[in-house]
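**Q** below: sequence and its predicted model.
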Amino acid sequence: MNVHALPILTLLTLVPLIGAAIALFSGRHARVVAIFTTLACLLLALFIWTRLPADGSIGLVERAAWAPSLGIEYHLGVDGLGGLMLVLSAIVTLMAVDAAQHRVHHMPGLFFSLMLTLEAGLFGSFTALNFFHWFLFWELSLIPAFFLIKLWGGPKRGPAATQFFIYTMAGSVALLLSFLAIFLSTTNKDTPGTMDFIQLAQMSASGQLAQMVTAHLGHVMPWLAIGVLAGFAVKVPLMPFHTWLPAAYAEAPSPVTMLLTGAMSKMGVYGLLRIALPLFGPQIAAMRTPLLILAAATVVMGAWAAAAQTDLKRVFAYSSVNHLGYCLLGIFALAVPASGAAQQASQAAALNGVILQMFNHGLTAAVLFWFISMIQFRSGGLRGINDFGGLRKPAPIFAGLMGIALFSSLGLPGLNGFVGEFLIFRGVFPLAWIAATVSVLGLLVTAVVILTVIQKVFNGPVPEHWAAFPDLHHGERMALAPVIGLMFLVGLVPQLIVNTINPTVQNLLAHWRF
Amino acid sequence: MTRQVCYVFFGHWRGHEAAHESPKVMTLPLAILAFFAIALGFVGTPAWPWFHAFLENRTAAFDLHGFLEPGLGLLMLTSSLVVFAGLGLGWWLYGDKSPQPEAPDALEKSAPWLWTPLRNRLYVDELYDATVIAFYAWWARVADWFDRRVWGGIVTLVAWLFSLWARLNRFLDVHWVDGGFDKSCEELSSGGGLLSRVEGGRVQNYLRILAAAIVVLTAILLWSSRP
């Protein structure tokens, strides 16, 4: 069969939706359905990863007319960026479904069905190239996430879920308004407007988009850019639009937190790279300094706020804010007209770093929340940093593997966390040295925070009641081994990913105008 | 270092159990390390600055004239003298004495003003505690406070403003829109009641009203037709 004729991206989005429908009526067998579905999705995502165009352009394109008069088209495609996000989403969802073992007693069918719907939302938004289609899946992912927090979350799940929903919706409304303005501006009496990302990016690069918007609506391009940025700033998040995050991460059940931090937060960074920079490059370049200040604040204050937390989930929630802050730092730093080959190389390094960091943070943060869920399960729900001590003695393998994940989060060379952050700083220092210098503090503080967690949870004397803390059992070790292996693999041989994403990075940078 | 060597290797045995030589698995790596500790010292001498040259991407030739560099002899002599003075001082204080573990240190007895700061590691840890660590902890609390109070406060304020707006809307709805509607309905209903009394269907009433109307109309006509 000719694989190029197969609508594989549509298939990838459909598989979890079919799985969700089956899981809904499978009762206590829903998890098995979810595991098989997510495994199939992972295989499909890996297959897609091997079929990406070598030149970094968008491939596996699927197009069909939808509502041409409204500028709506069924347009799918992936490049190295989208492909990597598909693989990440598939890995994280599989881990999250696995982590939900023994933890979902109440309506398991609905729980796993919502998890799979969320996965479909992720796949849809990472493959869509038309705003309408993309926005549909962007919102689709929000609804299952809301119900997953609201129905299976912790004691304060109600306010946390509502805050999460309202924040993201407010951002989405700003985003929608900006795109409606663009659609109206690109409409003329002979042809309908467009919402196609690729077409809009080309129009933006040639300066045509800004002209059309100004002709129709006046000098509103900066405001449209702010609207789009607001949508993504909430999702990533960028300080000060982050206050929904600690509450949502802490109150969501851990498997859902894994999805929120591992995959959903990447939708925001992806949106910045796929939509904001290609369409609003000059406007973002004009706002670069305040954006860099906010990004550096996200890095530094996120890390420091993590240092003040005593709930392990909140520690890693703030740590996630800090880690995604590096992505924002890289993105905003590279939004500047390159004045020579050296600056272009710095932009490429920063962008490679950002995409790697998206993958690495997704993987590491999801694994860390998985470990926290195991700690909670073993301790009857405890997760305070001061509730434990000396766990490496009764549970040496647990401590060893979580230690690897923690060191990966810290950015230890040899593990995946290092390569992304290294490339970001390699790129950002020549482009925005003050922001980079300030942000280095974030690296230092993160290291202190993570070493404090290791010290307080795993070292020191073992309290009597934790003397029999159960170590990882065989099944858990087998489930964790591939992910921990992947951390080493990406850390030691980052070319495995960089070789595929670098052509995309070159391709993107060649088309962006600042 | 001399104190360490004197206590461990000189004087008489102060332990409880008999000391014995370490196994090969320990002595062999130590011997290798000792060899390099001595041998690597020659790699960096002015006669053959191999490592220096390696870092500068050039090769270094062995040349004893390197020692003739001006000022170098004095520097080597001074540093050697300082080292030997330290060794001598160490031996003078600790050599071959084997004090009991609980006995005060020789330096503690002879120079307590020096011993106390040395014992406290020159207060470097305390300095870090009071500066870097204190700032770290304080700023972490500030970051957390900022998050909870300032950003969280703004969010609460926005939520409160929305709630206020909702209350105002409800007030307008209940008292103005609903109230106005209710009032007009009430007026309509009472007006209807009044009319229903007039238009009761009794012919006698209608005739009475007609008669009264004719009287009023006649009066108006008369009034208006007067000269």
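**A** Cool, the structure landed.
**Q** ok, now how distant is the closest residue to A:Ile450 other than its chain neighbours from chain B?
**A** For A:Ile450, ignoring the flanking residues on the chain, the nearest one in space by C-beta to C-beta, 6 or more residues apart in numbering or on different chains is A:Leu410 at 4.5 Å. Glycine gets a C-beta too; all of them are placed from N, C-alpha and C. Distance of A:Leu410 to chain B, given as C-beta to the nearest C-beta, to the nearest Å: 16 Å.
**Q** now do the contacts for A:Leu410.
**A** A:Leu410 is in contact with A:Gly417, A:Thr446, A:Ala447, A:Ile450, A:Leu451, counting by C-beta atoms under 8 Å, 6 or more residues apart in numbering or on different chains.
**Q** switch to 7 Å and redo it
**A** Taking C-beta atoms under 7 Å, 6 or more residues apart in numbering or on different chains, we find A:Leu410 in contact with A:Gly417, A:Thr446, A:Ala447, A:Ile450.
**Q** with adjacent residues omitted, what lies nearest to the third one?
**A** To tie it back to what came earlier, the one meant is A:Ala447. Of all residues not flanking A:Ala447 in the chain, A:Leu410 sits nearest, at 5.2 Å (C-beta to C-beta, 6+ apart).
**Q** kindly list the longest helix within chain A.
**A** Of all the segments of type helix in chain A, defined by DSSP state H, the longest one is helix A:341-379.
**Q** so A:Pro192 belongs to a strand, correct?
**A** No. Assigned with DSSP: H, G, I helix; E, B strand; the rest coil, A:Pro192 falls outside any strand and is coil.
**Q** domain parsing for chain B?
**A** B:2-110, B:127-225 (automatic domain parsing).
**Q** quick one: which of those is nearest chain A?
**A** When these are compared by C-beta to the nearest C-beta, domain B:127-225 sits nearest chain A, at 3.6 Å.
**Q** for the closest one, measure first residue to last.
**A** The first residue of domain B:127-225 is 115 Å away from its last residue (C-alpha to C-alpha, to the nearest Å).
**Q** what average pLDDT does that domain get?
**A** Across domain B:127-225, the average pLDDT comes to 89.
**Q** who in chain B is up against chain A?
**A** Taking C-beta under 7 Å from any C-beta of the partner chain as the criterion, chain B approaches chain A at residues B:Tyr136, B:Trp139, B:Ala140, B:Arg141, B:Ala143, B:Asp144, B:Phe146, B:Asp147, B:Trp151, B:Gly152, B:Val155.
**Q** can you add secondary structure, distance to A:Gly231 and neighbour count and give those residues back as JSON lines?
**A** Converted to JSON lines, these look like this (DSSP: H, G, I helix; E, B strand; the rest coil; distance: C-beta to C-beta, whole Å; neighbours: other C-beta atoms under 10 Å in any protein chain shown):
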{"residue": "B:Tyr136", "secondary structure": "helix", "distance to A:Gly231": "35", "neighbour count": "16"}
{"residue": "B:Trp139", "secondary structure": "helix", "distance to A:Gly231": "31", "neighbour count": "19"}
{"residue": "B:Ala140", "secondary structure": "helix", "distance to A:Gly231": "30", "neighbour count": "21"}
{"residue": "B:Arg141", "secondary structure": "helix", "distance to A:Gly231": "32", "neighbour count": "14"}
{"residue": "B:Ala143", "secondary structure": "helix", "distance to A:Gly231": "26", "neighbour count": "22"}
{"residue": "B:Asp144", "secondary structure": "helix", "distance to A:Gly231": "27", "neighbour count": "20"}
{"residue": "B:Phe146", "secondary structure": "helix", "distance to A:Gly231": "24", "neighbour count": "19"}
{"residue": "B:Asp147", "secondary structure": "helix", "distance to A:Gly231": "22", "neighbour count": "24"}
{"residue": "B:Trp151", "secondary structure": "helix", "distance to A:Gly231": "19", "neighbour count": "16"}
{"residue": "B:Gly152", "secondary structure": "helix", "distance to A:Gly231": "22", "neighbour count": "16"}
{"residue": "B:Val155", "secondary structure": "helix", "distance to A:Gly231": "17", "neighbour count": "17"}
